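**Student:** prediction below, plus the sequence it came from.
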Amino acid sequence: MTTAVFIGCSFIAFGPVLALCVCTIAAEPLSLVFLITGGFFWLVSLLLSSLVWFIAVQIGGSNNASVKKNFLIFGVVFSVLLQEVFRFAYYKLLKKANKGLMTVSQEETIPISVRQLSYVSGLGFGIMSGIFSLVNILTDSLGLGSAGIYGDSPQYFLSSAFMTLAIVPLHVFWGIVFFDACEKKKWWAPALVILSHLLVSGLTFLNPQYDGSLVPSYIIMMLMGTWAFFTAGGSLRNLKLCLMCRDKDFLLANQHPR
């Protein structure tokens, strides 16, 4: 049973992102490099935020539960802010890297567009965030015993997988909106990205009331996805045409000669 939980939660959390990587990035070596670099930037932000949180706990060490919770809230807020700082730093680095690639390739067009960069970097941030938020939980799911045996929620592993499933695309959407805002100097948009990131992270403090954290997180994900869709140049007309083309392809593929 524990193996089934591990496999099921792994595919729930990382199945869609694996499909995205295979279909959109695996065939592009340059995109793959930027994806890995984005994950590395997220790792550095995690390292720095963990270091600051550790120092803060050591300085103000206390066995009081409320003090510990305040330190945890501080750590989450600081980590989110640091992640967005590193997202901006990565944007600046990618802009310089694109200019360097243009010089080396001696082409008039940039090797990879800013929209592609925002998608790839957001996916890199999301993958690393998802892995580090779920890897320990998945490891525990392989252990002895069952979730809920001591009165905890039996949906702990499943809820954690669905939260990770929301966090990964959210990072993609945040990256698209953030990069576009930096390009157009719409500084109110990054502020909304940061606020929504803080809100989603703060909702996890409602656990184990998983309905109170999962439902708002998925609503925010859908809203951010819609915003990112139109930011990336999407439109209702294009979406309709895309769906119509897919329907025609499906019908053609399933036609049989009589």
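**Tutor:** All right, it came through fine. Numbering: from 1, shown residues only.
**Student:** okay, CA-based contacts and neighbour counts for the rest of this
**Tutor:** Will do.
**Student:** touching, Gly130 and Pro169? I think so.
**Tutor:** No. Contact criterion C-alpha atoms under 8 Å: Gly130 and Pro169 do not qualify, at 10.0 Å.
**Student:** can you pull the buried residues of stretch 217-225?
**Tutor:** In terms of neighbour count (16 or more other C-alpha atoms under 10 Å), stretch 217-225 has its buried residues at Ser217, Tyr218, Ile220, Met221, Met222, Met224, Gly225.
**Student:** dump the helix or strand harbouring Leu223 to PDB, restricted to CA.
**Tutor:** Using DSSP states H and E, Leu223 sits in helix 210-231. Presented in PDB, the C-alpha positions along helix 210-231 are these (Å, rounded to 0.1, in the frame of the first residue of the first chain):
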ATOM      1  CA  TYR A 210      -6.700  21.000   3.500                       C
ATOM      2  CA  ASP A 211      -9.900  22.400   2.000                       C
ATOM      3  CA  GLY A 212      -9.000  25.800   3.300                       C
ATOM      4  CA  SER A 213      -5.600  25.700   1.600                       C
ATOM      5  CA  LEU A 214      -6.100  23.700  -1.600                       C
ATOM      6  CA  VAL A 215      -9.300  25.400  -2.900                       C
ATOM      7  CA  PRO A 216      -8.000  29.000  -2.700                       C
ATOM      8  CA  SER A 217      -4.700  27.900  -4.100                       C
ATOM      9  CA  TYR A 218      -6.300  26.300  -7.100                       C
ATOM     10  CA  ILE A 219      -8.500  29.400  -7.600                       C
ATOM     11  CA  ILE A 220      -5.300  31.600  -7.600                       C
ATOM     12  CA  MET A 221      -3.700  29.200 -10.000                       C
ATOM     13  CA  MET A 222      -6.500  29.500 -12.500                       C
ATOM     14  CA  LEU A 223      -6.500  33.300 -12.200                       C
ATOM     15  CA  MET A 224      -2.800  33.500 -12.600                       C
ATOM     16  CA  GLY A 225      -3.000  31.000 -15.500                       C
ATOM     17  CA  THR A 226      -5.500  33.200 -17.300                       C
ATOM     18  CA  TRP A 227      -3.400  36.300 -16.700                       C
ATOM     19  CA  ALA A 228      -0.300  34.500 -18.000                       C
ATOM     20  CA  PHE A 229      -2.200  33.200 -21.000                       C
ATOM     21  CA  PHE A 230      -3.200  36.700 -22.200                       C
ATOM     22  CA  THR A 231       0.200  38.100 -21.200                       C
END
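**Student:** so which of the buried residues of stretch 217-225 comes closest to Leu20?
**Tutor:** Taking C-alpha to C-alpha as the measure, Leu20 lies nearest Gly225 of the buried residues of stretch 217-225, at 15.0 Å.
**Student:** quick one, what contacts the closest one?
**Tutor:** For Gly225, the contacting residues are Leu170, Phe173, taking C-alpha atoms under 8 Å, 6 or more residues apart in numbering as the criterion.
**Student:** Trp187 too?
**Tutor:** Ala181.
**Student:** quick check: buried residues in the stretch of helix or strand Asp140 belongs to?
**Tutor:** Element membership for Asp140 (DSSP H and E) is helix 114-141. Taking 16+ other C-alpha under 10 Å as the neighbour-count basis, helix 114-141 is seen to contain the buried residues 114-115, 117-131, 133-134, 137-138, 140-141.
**Student:** and the angle for that helix with helix 210-231?
**Tutor:** Here helix 114-141 points in a direction 160 degrees away from that of helix 210-231 (axes from the mean of the first three to the mean of the last three C-alpha atoms, to 10 degrees).
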